[in-house]
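Engineer: Could you work out the structure for the sequence below:
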Amino acid sequence: MNFIPKQHLEIGNYLKYIEEILNKCDKGIEYCKICPNEFVCSELEKDDFGLAGSTISDVLTAIQYALSKVPGYLNPKKRNELKDHIRNYINESPTHERGIWENSIMDILLDDKLANQAYKPRVKTGEIRTLLTYNSRISFSTSLKCSYSENETSFRDISVTLPGEIFSNSISGVNHFVQSKHINNIIIPLTTHIKYGMEKGMTEIVQRCSLNEAELAAALCYYALLTNAPIPENIAVTGGLDSQGKTLSTESPDGKIETVLRELHFVDTIIIAKGASLNIPVPQNISIIEVSDLEQAFDSVFK
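Structural biologist: Got it, this is the predicted structure:
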């Protein structure tokens, strides 16, 4: 199956979506046969990019939307490349629109979230960014949250609630660890009271993912709630768990790492199951931590 660029947008690969649109436009634009004063990209007509049409205005609208969704800092080189590349197409838009696009798109690229290297999302308890693979092809990231009935307020902004049994290994593994370490002042909630959820808009997407890949992240979220320990915002996690609390590797580890490098510029630590085979170069500023069990994972995240 060939995956259409619109799906990159739907699952959060925003920069990938923009790059594919610009690459299509680079192959050629021409005057519209219906509206002679409007340029169109005929290459976009061959694919479903999720655009209302293929005019330059439609292209710029899609780019503006995708840029507004990028979750973290863009390094200066990437921002300058995008500014120059996008400005080429702003100059091809209708004359009366150019000032609007120049202000709106360039303002997004200069916004603190994208331009400020120190940008980080706020630290949260019971929430972590996990890496999944859609239809065994496209890797992406999403926030995974855990809550139990005594703490419902932390779950208000979740629209995709996942069945608790999906993460039974995560819950039982954490409970066993807490009890074996005799950690004081912790009340173990009933399993039926524990909820997991993901970001809005993920309902259809998670149905085509192996959620076993999120079990390690689920355990970290649950442990953070029990111990009231915040999870650092610079961490992303992927990996499964067996019934003994040992980690299991995931599919497409290279794609998951590339997702972090492309989309999550506030992440500098990636925790994965031990034994994953990586075949891509990893920058020196990114730490890959391999863990073989829950205790190593907890040590890595909560020190």
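
Engineer: what's near enough to touch the nearest residue to residue 228 once chain neighbours are set aside?
Structural biologist: Using Cβ to Cβ, 6 or more residues apart in numbering and skipping the chain neighbours, the partner closest in space to residue 228 is residue 125 (6.4 Å). From N, CA and C alone the C-beta is placed, and that goes for glycine too. Residues counted as contacts of residue 125 (Cβ atoms under 8 Å, 6 or more residues apart in numbering) are 154, 224-225, 228-231.

Engineer: Just the pLDDT at residue 125, thanks.
Structural biologist: In this model, residue 125 is scored at 83, pLDDT.

Engineer: do you know how far it is from residue 143?
Structural biologist: According to Cβ to Cβ, to the nearest Å, residue 125 and residue 143 sit 13 Å apart.

Engineer: before we move on, what about residue 284?
Structural biologist: As defined by Cβ to Cβ, residue 284 lies at a distance of 27 Å from residue 143.

Engineer: mind exporting the host helix or strand of residue 168 as CSV, just the C-alpha atoms?
Structural biologist: Taking DSSP states H and E as the definition, residue 168 sits inside helix 168-180. Only the C-alpha atoms of helix 168-180 are listed here, as CSV (Å, rounded to 0.1, in the frame of the first residue of the first chain):
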residue,chain,number,x,y,z
SER,A,168,-2.2,-5.1,31.9
ASN,A,169,1.5,-6.0,31.8
SER,A,170,2.4,-2.4,32.5
ILE,A,171,0.0,-2.2,35.5
SER,A,172,0.9,-5.5,37.0
GLY,A,173,4.7,-4.9,36.5
VAL,A,174,4.5,-1.5,38.3
ASN,A,175,2.5,-2.9,41.1
HIS,A,176,4.9,-5.8,41.6
PHE,A,177,7.9,-3.4,41.5
VAL,A,178,6.3,-1.0,44.1
GLN,A,179,5.5,-3.9,46.4
SER,A,180,8.9,-5.6,46.1
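
Engineer: Could you look up the SS state of the residue most central in space within the chain?
Structural biologist: Geometric centre of the chain, nearest residue: residue 141, 2.6 Å, by Cα atoms, centre = their mean. On the three-state scheme (DSSP: H, G, I helix; E, B strand; the rest coil), residue 141 is labelled strand.

Engineer: my guess is residue 134 meets residue 8, correct?
Structural biologist: No. Look at residue 134 against residue 8 with Cβ atoms under 8 Å: they stay out of range, at 9.6 Å.
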